[in-house]
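Asks: What shape does this take:
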Amino acid sequence: MPPATPTPIRSGPLSWGLPALLVAAVTLAYWNSLAAPFLYDDISAVATNPTIHHFGISLTPPADGSTTSGRPVVNFSFAVNYALSGNSVWSYHALNILIHAAAALALWGLLRRTLASPALRGRFAGAVEPLAFAVALLWALHPLLTESVTFVSQRTESLYGLLCLATLYCFVRGTASPRPGLWSGLSVFTCLTGMATKEVMVTTPLLVLLYDRTFVAGSFAAAWRQRRGYYGALAVTWLLLAGLVIAAGGTRGHSAGLGLGVDWWAYLLKQNQAILLYLKLAVWPHPLVVDYGADLVRSWTEVWWQGPVVLALLAGTVWALYRRPVLGFLGAWFFLILAPSSSVIPLVTQTMAEHRMYLPLIPIVAAVVLGAYLLAGSRSLPIVLALAVGAGVMTFRRNQVYHSELSVWADVLDRIPGNARAHNNLGIALYDAGRLDEAVAQYRESIRLDPTKDCVYSNLCNVLTHLGRAEEAVAPGEQALRLKPDSADGHVDLGLAFARLGRNEEAVGHFETAMRLEPEANDVPGYLASAYFELGNRAAEAADYPAAITRYRQAQGLAPGDRSTGNNLANALLAAGRTDEAIAEYQRILRLHPDDRAVQENLDRARELQPAK
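Replies: Prediction:
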């Protein structure tokens, strides 16, 4: 293919009206997502993420494998939201919608310039703007993207998508601009920012090079010869990504990578099912599922037909790259962006996920819209617009599922009743809703399906304790700690069960272990103080006042303002004959709680017992 001379794009009414219509359509389709609360990964990414509370530390997100680990740009964006609305969720959703609308605009700009390029303008002359709008609109309203936009924590996907599209758009602008250096610099900057947003940005420099070869330079050699400095700068952005991955331990907190107990071959086989599911959902987006679980394929016989189909698609893409470059570019876009998550590097927490189709959906939509135009001309456009309206309605309805944890996980189990993680998460939602007996049933079903998860046993222990069935709670609590001895939550839950049974020495041991494992835990000091308090009471009842005083002081060190602890400590001091210390403690409590008549009466009695001086 000879080197291309980019066609200048002239502004007109459509150039302003269509982008405004695109933003309005996205806003309408996602308006009801503003009512969705923080869900699932949103809790660790936002609600319990202390690094978003101050801009000074927002670029160092927690290295705990949560959604923001190793992704400082996303974490910074959450810090912006926190500054605007704290933990009120509206601003987080509003920014997600804005990011998605901006991505749709970037796609529209990229498409109109691509369709006007020498490689395509002969086929689409006169319909560049409406076709670019039709593709961008159908993509932006497609219900397959709801997970990427409505889940707050999946901003990682939509923000990465925006930055990838912006990198391509700025590159294309630079090829036709009198100031190419400015646009090339912006392209490198957005690529660098994307590397600090999500790891899949690693493919973007390759995507740009492939675009250049297909639509601008005409060959890889010409692209490198004309823009070697630019490609060198793009390659440098990989160093930032490498540094972030290394800093995160290379495994994103043991959620992604090799050597994590998931065989790469089993994961690769599973991706044959995943890729064909993604293609099916791109054409027929039902049913949509938030969590497909972590199932794997152990034998090629389980994908006896999916594997050959995927291999045929890959082979067709390679053939087209050489013989039909434009068609090959669409196939390469799809496979290249999916490669980091849908090949040999296991993502152990989710082996399939709809949010991975945020950008890979674009070539599918483009192929459908442009193919329809080539077959039926301008008569296809009303049909595409009708499809976009229908997609927008489906997206609006899909967003309603995200309005509560209960509806999200009930929806998952309607689709995949064997999803152990969904049963656990539904149990958590039922517990939070006060439906404890139903939560027990969900936890037990989750354990039946997958008996290897310590957190589910801990959850069962906790809910049984709150139901007054502490004796029954001990067994799952102990099993949780057998599976994960260093779980602070597991020690707390078992400690609460022991405390409810009056086995306070055992409770104290678990609470103290929990505090050692997680010094910043908010609830554990209160639990431990209560256990110390009860041990003090038992010692006082046995007239072992020195032991009682020791336990009360331990409780007081964790909860210094508690009047019951202070009053009982003073009583023990008085019973031990340490009258002056008892009087001082009664007085301290009264300064904190001046209206406490019982403490005042105890003080008066102590003064009567005080020896004359």
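Asks: three-state assignment of residue 519?
Replies: coil (DSSP: H, G, I helix; E, B strand; the rest coil).
Asks: where exactly do the helices run in the stretch 151-300 of the chain?
Replies: 155-176, 180-195, 204-211, 220-247, 264-283 (DSSP state H, counting those that start in this stretch).
Asks: The nearest residue to residue 150 once chain neighbours are set aside and residue 329: what is the separation?
Replies: In space, and not counting its chain neighbours, residue 150 is closest to residue 33: 4.4 Å by Cβ to Cβ, 6 or more residues apart in numbering. All C-beta atoms are positioned from the backbone trio N, CA, C, and that covers glycine. To residue 329, residue 33 is 32 Å away according to Cβ to Cβ, to the nearest Å.
Asks: Name the residues of stretch 104-121 that come out as buried.
Replies: Neighbour counts over stretch 104-121 (16 or more other Cβ atoms under 10 Å) mark 104-120 as buried.
Asks: Stretch 162-170 too?
Replies: By neighbour count, with 16+ other Cβ under 10 Å as the criterion, the buried positions of stretch 162-170 are 162-170.
Asks: do the same with stretch 423-443
Replies: By neighbour count on 16+ other Cβ under 10 Å, the buried set for stretch 423-443 is 423-431, 436, 438-440, 442-443.
Asks: Among those, which are located in helices?
Replies: Judged by DSSP state H, the subset of the buried residues of stretch 423-443 located in helices is 423-431, 436, 438-440, 442-443.
Asks: For burial, what's the neighbour tally of residue 610?
Replies: Each residue near residue 610 was counted by other Cβ atoms under 10 Å, and the total is 13.
Asks: Could you check how far it is from residue 578?
Replies: Between residue 610 and residue 578 the distance is 11 Å, computed by Cβ to Cβ.
Asks: How about residue 472?
Replies: Distance from residue 472 to residue 578, by Cβ to Cβ: 43 Å.
Asks: From residue 302, how far out is the most centrally placed residue in the chain?
Replies: Among the residues of the chain, the smallest C-alpha distance to the mean C-alpha position (Cα atoms, centre = their mean) belongs to residue 153, namely 3.8 Å. Here the criterion is Cβ to Cβ. By it, residue 153 lies 31 Å from residue 302.
Asks: just for the chain, where's the confidence low?
Replies: Scanning the chain for pLDDT under 70 picks out 1-14, 251-261, 612-613.
Asks: Leaving out chain neighbours, which residue sits closest to residue 478?
Replies: Excluding its sequence neighbours, the residue lying closest to residue 478 (Cβ to Cβ, 6+ apart) is residue 494, at 6.5 Å.
Asks: And for residue 76?
Replies: For residue 76, the spatially nearest residue (Cβ to Cβ, 6+ apart) is residue 58, at 4.7 Å.
Asks: Please look at the one you found and residue 79 and confirm they touch.
Replies: Yes: in this structure residue 58 lies within contact range of residue 79 using Cβ atoms under 8 Å: 3.6 Å.
Asks: For the two, list the residues in contact with both.
Replies: Counting by Cβ atoms under 8 Å, 6 or more residues apart in numbering, the common neighbours of residue 58 and residue 79 are 51-52.
Asks: Any idea how many residues pack against residue 330?
Replies: Neighbour count of residue 330, defined by other Cβ under 10 Å: 18.
Asks: give the contact list for the nearest residue to it once chain neighbours are set aside.
Replies: Excluding the flanking residues, the one nearest residue 330 by Cβ to Cβ, 6+ apart is residue 363, at 3.8 Å. Residues counted as contacts of residue 363 (Cβ under 8 Å, 6+ apart) are 329-331, 333-334.
Asks: Apply 6 Å and report the result again.
Replies: 330, 333-334 (Cβ atoms under 6 Å, 6 or more residues apart in numbering).
Asks: Are we agreed that it is in a helix?
Replies: Yes: per three-state DSSP, residue 363 lies within a helix segment.
Asks: and it, how far is that from residue 156?
Replies: When distances are taken as Cβ to Cβ, residue 363 and residue 156 turn out to be 21 Å apart.
Asks: What of residue 596?
Replies: Applying Cβ to Cβ, one obtains 52 Å for the distance of residue 596 from residue 156.
Asks: the more surrounded of these two?
Replies: Neighbours per residue (other Cβ under 10 Å) separate residue 596 from residue 156, with residue 156 holding more: 25 against 17.
Asks: Just to check, that one is in contact with residue 74?
Replies: Yes: using Cβ atoms under 6 Å, residue 156 is in contact with residue 74, at 5.2 Å.
Asks: give me every residue that touches the residue nearest to residue 575 when sequence neighbours are not counted.
Replies: Distances taken as Cβ to Cβ, 6+ apart put residue 545 closest to residue 575, at 5.2 Å, once the chain neighbours are dropped. Shown in contact with residue 545 (Cβ under 6 Å, 6+ apart): 572, 575-576.
Asks: for residue 291, same thing?
Replies: If you count contacts by Cβ under 6 Å, 6+ apart, residue 291 has them with 412, 422.
Asks: and if you look at residue 171?
Replies: Shown in contact with residue 171 (Cβ under 6 Å, 6+ apart): 187, 208.
Asks: repeat that with 8 Å
Replies: 183-184, 187, 208, 211-212, 230.
Asks: do the same with residue 568
Replies: 533, 536-537, 540, 548, 552.
Asks: and what of residue 81?
Replies: Counting by Cβ under 8 Å, 6+ apart, residue 81 makes contact with 46, 52, 91-92, 95.
Asks: which other residues reach the strand or helix carrying residue 464?
Replies: Using DSSP states H and E, residue 464 falls within helix 454-466. Applying Cβ under 8 Å, 6+ apart, the contact partners of helix 454-466 are 420, 424, 427-428, 431, 436, 439-440, 443-444, 446-447, 450, 470, 472-474, 476-477, 479-481, 483-484, 487, 489-490, 493-494, 496-497, 500.
Asks: From the contacts of residue 545, list the buried ones, please.
Replies: Those of these that meet the buried threshold are 572, 576, by 16+ other Cβ under 10 Å.
Asks: ok, so what distance separates residue 34 from residue 127?
Replies: As for residue 34, its distance to residue 127 is 35 Å (criterion: Cβ to Cβ).
Asks: hang on, I meant residue 120
Replies: As for residue 120, its distance to residue 127 is 11 Å (criterion: Cβ to Cβ).
Asks: Residue 185 now?
Replies: Spatial separation of residue 185 from residue 127 under the definition Cβ to Cβ is 33 Å.
Asks: List phi and psi for residue 347.
Replies: For residue 347, the backbone dihedrals are phi -100, psi 100 (criterion: degrees, to the nearest 10).
Asks: what about it, neighbour count?
Replies: By other Cβ under 10 Å, the residues close to residue 347 number 20.
Asks: Against residue 280, how distant is it?
Replies: 20 Å.
Asks: Same check on residue 499?
Replies: Distance from residue 499 to residue 280, by Cβ to Cβ: 52 Å.
Asks: hang on, the earlier thing: can you redo the contacts of residue 81 as TSV with secondary structure, distance to residue 385 and neighbour count?
Replies: Listed next are the contacts of residue 81 as TSV, based on DSSP: H, G, I helix; E, B strand; the rest coil; distance: Cβ to Cβ, whole Å; neighbours: other Cβ atoms under 10 Å:
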residue	secondary structure	distance to residue 385	neighbour count
46	helix	36	23
52	helix	40	25
91	helix	32	16
92	helix	31	25
95	helix	28	20
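Asks: and which of the residues you listed is nearest residue 412?
Replies: Proximity of these to residue 412, judged by Cβ to Cβ, is greatest for residue 46, which lies at 21.2 Å.
Asks: nearest spatial neighbour of residue 528, skipping sequence neighbours?
Replies: What sits nearest to residue 528 in space, not counting adjacent residues and going by Cβ to Cβ, 6+ apart, is residue 511, at 3.9 Å.
Asks: and that neighbour, that one's in a helix?
Replies: Yes: per three-state DSSP, residue 511 lies within a helix segment.
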